[in-house]
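1. predicted coordinates and the sequence they were generated for:
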Amino acid sequence: MIHGARGPGETNAISGESEQRSAIAPSGKSTASAAAEARSTEPSDADGRRASNPALAAPRAPTACQGTGGAPAAPGRCGSRLRRRAILVRSTAPRSRLRAPALALLLLALPAGRALGEETLVDGIAAQVGPEIVLVSEVLELAGPIEAEARQQGATERDVAKLRADALEQLIERRLLSKVARDAHLEASDTDVDTAIEGIGKDNGLSQEQLRASLAAHGVRWDEYRDRIKSEIERQKVINAMVGSQITVEEPELEAAYREIYAEQPKGGEQVHIKQILVLGGEAGPRDLPSACAIARDARARIAKGEPFATVAQEVSAAAPEQGGDIGWLHVDTMAGWMADPLQHLEPGAISPVIELPFGCTLFELVERKTYEPVTFDQAKGSLQQEVYQRKVMDKYREWMEGLRKRTFISRRGYFAETSTASARPVSLPERAQASAGAAEEPPATP
């Protein structure tokens, strides 16, 4: 895990609250349906750090080890410190300046543009939030990348409607937080934004020029990126001021958290630090298995010729791409057999053969081996303070945001009014367009 800070309200980007989510949906549900249902229980992020895409979390890559949960330093729970660095960043005490790690995922996770098939984009008002409005184009831009992926995986119109409804709720939350920031004089300055962006570049090993180039390659304008960073900084300030200042953490809570997280940690044994390249494929993946394995073999050949593992992983891997495939320290007893076996005979610096799996093809680099030493309460106390504080802030934040929504006039329009009603059948876009044609009243906002 990056030893930085996750802001209150931030969720796991790749792994959710229980490490990486499998790209294969639970039995009986499409991947898109499962992802949409999972997201419906999570609080919205002001800038969508919930996933590698800012709108909604995409299906996760399968975990490379066994176990439950994800503790900062308990490999037995399948969640080492460095594994989570590709996933999230945690929060310490309330702070007014957002540290760069908390925005690291925004670097490569912003929308790469709209990918909405052959639909005609008709702008209009998706929702009114107090005196402000949210445009349909904003919703489509936010939901576009994950929607395109979901459609490729066979998402239904109901699935797509849920994705767009979730994106709209995030934008509504942004409007609410933005107004609070203005009223409370918690707006971010240009200096705040400059400092945050500089930190993002340093944490990702990029110069400002390289950062700009990376954003451009993902279809993100520099001014748009600065606006998103500004919005996120203000969000952090608002949450810390309105919620974080009310939270205290007692010693018994830390002790309970220690038992919860570290109760099943190994008593000894060996742990390994590894990097992984995972190319998803198969029935639940974006490509067939032979194609995935061909990409993985080509990646291994590039590494063998001298290209850095991290560089290749950033281009092709579904596992921790922002971190160059670095998934951190794992205890050998918690790893699945398909992973432990090839690593068993590797020397530090060596690359494994390409391994074919039902959900894709993968390969590893062994960085280091060392003896695992159980984590004591005193050693874990600092991270436990963050963990418990974060949980309590999240609970308080949900309560505070719900109250703010109730006190604010919020009206969803047209297509979004229909899809926001759980009992209503989401109307497909062609149906909506046909029903709206020639209507005398104000045309509804139809994506």
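-> Sure, I can see it. Numbering: from 1, shown residues only.

2. can you get me the start-to-end distance on stretch 340-357?
-> Counting by CA to CA, to the nearest Å, you get 14 Å between the two ends of stretch 340-357.

3. and it, what's its mean pLDDT?
-> Stretch 340-357 carries an average pLDDT of 93.

4. check what contacts that stretch and list those residues.
-> With CB atoms under 8 Å, 6 or more residues apart in numbering as the test, stretch 340-357 has contacts from 62, 272, 274, 289, 293, 296-297, 300, 303-304, 309, 332, 335, 338-339, 361-369. (C-beta placed from N, C-alpha, C; glycine too.)

5. show me these that map onto strands.
-> Secondary structure from DSSP state E places Val272, Ile274, Cys361, Thr362, Leu363, Phe364, Glu365, Leu366, Val367, Glu368, Arg369 of these in strands.

6. so which bits of stretch 366-386 are buried?
-> By neighbour count with 16 or more other CB atoms under 10 Å, stretch 366-386 contains the buried residues Leu366, Val367, Tyr372, Val375, Ala380, Ser383, Leu384, Gln385, Gln386.

7. try stretch 292-300
-> Here stretch 292-300 shows Ala292, Cys293, Ala294, Ile295, Ala296, Ala299, Arg300 as buried, counting by 16+ other CB under 10 Å.

8. cool, and stretch 208-221?
-> Buried residues in stretch 208-221 (16+ other CB under 10 Å): Leu211, Arg212, Ser214, Leu215, His218, Val220.

9. also stretch 141-152?
-> Glu141, Leu142, Ala143, Gly144, Pro145, Ile146, Glu147, Ala148, Glu149, Ala150, Arg151.

10. contacts only, for Lys392.
-> Lys392 touches Ile247, Val249, counting by CB under 8 Å, 6+ apart.

11. just to revisit the earlier point, what's the closest of the buried residues of stretch 141-152 to Arg182?
-> Leu142 (21.7 Å; CB to CB).

12. helix, strand or coil for the closest one?
-> helix (DSSP: H, G, I helix; E, B strand; the rest coil).

13. against Thr419, how distant is Val160?
-> 9 Å (CB to CB, to the nearest Å).

14. now swap in Thr156 and tell me
-> 13 Å.

15. who's more crowded, the two?
-> Thr419 (24 against 15; other CB atoms under 10 Å).

16. what's the mean pLDDT across the helix or strand where Ala213 lies?
-> Using DSSP states H and E, Ala213 sits within helix 208-217. For helix 208-217, mean pLDDT is 86.

17. who does that helix touch, helix- and strand-wise?
-> With contacts taken as 3 or more CB pairs under 8 Å, 6 or more residues apart in numbering; DSSP states H and E, helix 208-217 sits against helix 106-109, helix 190-203, helix 222-242.

18. the first one - what's its average pLDDT?
-> In this model, helix 106-109 has a mean pLDDT of 38.

19. toward the C-terminus, what is the element adjacent to it?
-> strand 125-129.

20. who does that following strand pair up with?
-> Paired strands of strand 125-129, with direction, are strand 132-135 (antiparallel), strand 410-412 (antiparallel) (DSSP bridges).

21. so which residues make contact with it?
-> 133-136, 138-139, 168, 171-172, 175-176, 408-416, 445, 447.
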